[in-house]
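*Asks:* Show me the folded form of this:
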Amino acid sequence: MRLSVDTALKDIYPEAVQKFISVYENLKSDDDENWANAVLTCRRIIKEVADSLFPPLAEPIEVSGKLIKVGEDQYINRLIQYIESKSSCGKIKSDVGSYLKFISETLDNVHEAANKGAHTEVTLQEAERYIIYTYLVIGDVLSL
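*Replies:* Okay, the predicted model is just below:
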């Protein structure tokens, strides 16, 4: 799986593989600030993948009679729309979308805390989990 995910990432966002290497290097540290930085880098990777797969649009799009924002900051909405456009299987769309929403909410919470200047406490175990989830979700999205 790793080879296929890395290959697909190189095709759409070549810097992602290097960023994941940097993330893993941060995990080797004993400093919880480095672990938080690793998690924040995962958020940036997801956003860059979204930018590559479904670039931001200035105007909302209509989906099932509802307007959905798909601008610069709505990278999760854009990835969900990408998933919708690529998968014909409702269960796959639902599963990947659920995982994506879960990991993005977690990463956004860490990001918001960092932006407020709060010390972001992330344990090594949490950081490892977020990184693995990020990698797996990206792999699922790219496999559609």
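*Asks:* where does the chain dip in pLDDT?
*Replies:* Along the chain, segments meeting pLDDT under 70 span 93, 110, 113-120.
*Asks:* for it, which residue is closest to the average position?
*Replies:* Nearest to the geometric centre of the chain sits residue 46, at 2.8 Å (CA atoms, centre = their mean).
*Asks:* how much space is there between that one and residue 29?
*Replies:* 22 Å (CB to CB, to the nearest Å). Just so you know, the C-beta spots here come from the backbone N, C-alpha and C atoms, and that holds for glycine as well.
*Asks:* got it, and residue 5?
*Replies:* 24 Å.
*Asks:* cool, and residue 97?
*Replies:* Applying CB to CB to residue 97 and residue 29 gives a distance of 33 Å.
*Asks:* Looking only at neighbour counts, state which of those two leads.
*Replies:* residue 97 (19 against 14; other CB atoms under 10 Å).
*Asks:* Surely the more buried one is in a helix?
*Replies:* Yes. Counting by DSSP: H, G, I helix; E, B strand; the rest coil, residue 97 is located in a helix.
*Asks:* That one is in contact with residue 80, isn't it?
*Replies:* Yes. The criterion here is CB atoms under 8 Å, and residue 97 meets it with residue 80 at 5.4 Å.
*Asks:* anything in contact with each of those two?
*Replies:* Common neighbours of residue 97 and residue 80, counting by CB atoms under 8 Å, 6 or more residues apart in numbering, are absent.
*Asks:* List the contacts of stretch 49-69.
*Replies:* 9, 12-13, 16, 70-72, 74-79, 81-82, 84, 138, 141-142.
*Asks:* Going through those residues, which ones are buried?
*Replies:* 9, 13, 16, 70, 74-79, 81-82, 138, 141-142 (16 or more other CB atoms under 10 Å).
*Asks:* Where strands are concerned, which of those count?
*Replies:* Members of the buried ones among the contacts of stretch 49-69 lying in strands (criterion: DSSP state E): none.
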